[in-house]
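Novice: predicted model follows, preceded by the sequence.
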Amino acid sequence: HSYAEGFRHAHVGLGSRNILVRGSQGTPKQVAAASPVQMAFVEALRKVNAEFLEFLELYLWESEALPKEQAKEYCSGIFRDVALQVHWGDSIPEGTSQFDQRIVWHNDTKALYHL
């Protein structure tokens, strides 16, 4: 099984600037901005989920999982990645562990929010 991924950031306030992020393997990489259409989609997605994002931020802070500023920063980053994955080759057998190296795209913390 093989795959390739294209990745863009959707932080509207940063405009078309590249940003430095840590990849799923912890390696820093430069990431270009998403297209204006993708940015608009992400902003609409965040608006539709605004109540959830506000709840999550408050929950993280009140439960003392994160300090207030970190909870705010964490929630401001949700739904800010735009990625396209293309998979080809042999299928992955049913029951394969999510930590199997053939499916590493689901073992990072950002994988919690997949559409």
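Specialist: Arrived safely.
Novice: helix or strand right after the helix or strand where residue 58 lies?
Specialist: Assigned by DSSP states H and E, residue 58 falls within helix 50-62. Heading C-terminal from helix 50-62, the first helix or strand you meet, by DSSP H and E, is helix 68-76.
Novice: taking helix 50-62 as reference, get the angle to that following helix.
Specialist: 150 degrees (axes from the mean of the first three to the mean of the last three Cα atoms, to 10 degrees).
Novice: contacts for the helix holding residue 58 next, please.
Specialist: For helix 50-62, the external contacting residues (Cβ atoms under 8 Å, 6 or more residues apart in numbering) are 46, 65-68, 70-72, 74-75, 78. All C-beta atoms are positioned from the backbone trio N, CA, C, and that covers glycine.
Novice: put the buried members of those residues into a ChimeraX selection.
Specialist: Applying 16 or more other Cβ atoms under 10 Å to those, the buried members can be selected in ChimeraX as follows:
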select :46,66,71,75,78
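Novice: how about the lowest-mean-pLDDT helix or strand in the chain: buried residues?
Specialist: One helix or strand of the chain scores below all others by mean pLDDT, DSSP states H and E: strand 19-22, with a mean of 72. Neighbour-count burial for strand 19-22, with 16+ other Cβ under 10 Å as criterion, is recorded at residue 21.
Novice: same check on stretch 78-95?
Specialist: 78-82.
Novice: which ones among these map onto strands?
Specialist: Counting by DSSP state E, the part of the buried residues of stretch 78-95 found in strands is 81-82.
Novice: can I get the buried residues of stretch 78-95 in TSV with distance to residue 28?
Specialist: Listed next are the buried residues of stretch 78-95 as TSV, based on distance: Cβ to Cβ, whole Å:
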residue	distance to residue 28
78	21
79	22
80	17
81	15
82	19
